[in-house]
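K.L.:
Fold the following for me, if possible:
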Amino acid sequence: MSPFFVMSLLFVLTFGQVASLCAPSEYIIHVEKRECAYCLAINTTICAGFCMTRDSNGKKLLLKSALSQNVCTYKEMLYQTALIPGCPHHTIPYYSYPVAVSCKCGKCNTDYSDCVHEEVRTNYCTKPQKLCNM
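P.N.:
Residues are numbered from 1 along each chain as shown. Next up, the predicted model:
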């Protein structure tokens, strides 16, 4: 291998994360409970964006750790709780949700993230809507 190729490969592996576009992004969550009169639209932030991944075609040349497929995930997050309006007394009217403070490219942690990207078809309201700015 030429020294230029080796240096280029090392540069990409070392500084590839700098080119990643993974950051907190505004997102609206729609929350409703069957028993409650309203749907709550919550403005929050989630981690979204592009992370550098490595092509596994070169797996004979690279270490196994260099072949990881990174996702945009939470670096720091906090949970906030919102009150869903119009709930009867026997119903718990609270909904807790994550707020992304900062994000990183890394392995997906299934303890707090959905690691499979699927089209969200249920993020809408079927009841009158109230807006919650947190």
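K.L.:
going forward, measure contacts between C-alpha atoms and count neighbours the same way
P.N.:
Fine.
K.L.:
Would you map the strands across the protein?
P.N.:
Ranges of strands in the chain, per DSSP state E, are 21-32, 39-50, 71-83, 94-106, 129-133.
K.L.:
What is the neighbour count of I84?
P.N.:
Look at I84: counted by other C-alpha atoms under 10 Å, it has 21 neighbours.
K.L.:
er, Q69 I mean
P.N.:
Q69 has 16 neighbouring residues, counting by other C-alpha under 10 Å.
K.L.:
Model confidence for T53, exactly?
P.N.:
According to the per-residue confidence, T53 scores 70 in pLDDT.
K.L.:
ok, and the closest non-adjacent residue to it?
P.N.:
On the basis of C-alpha to C-alpha, 6 or more residues apart in numbering, the spatially nearest residue to T53 that is not a chain neighbour turns out to be Q69, at 5.1 Å.
K.L.:
so what's that neighbour up against?
P.N.:
Applying C-alpha atoms under 8 Å, 6 or more residues apart in numbering, one finds that Q69 lies in contact with M52, T53, R54, G106, K107.
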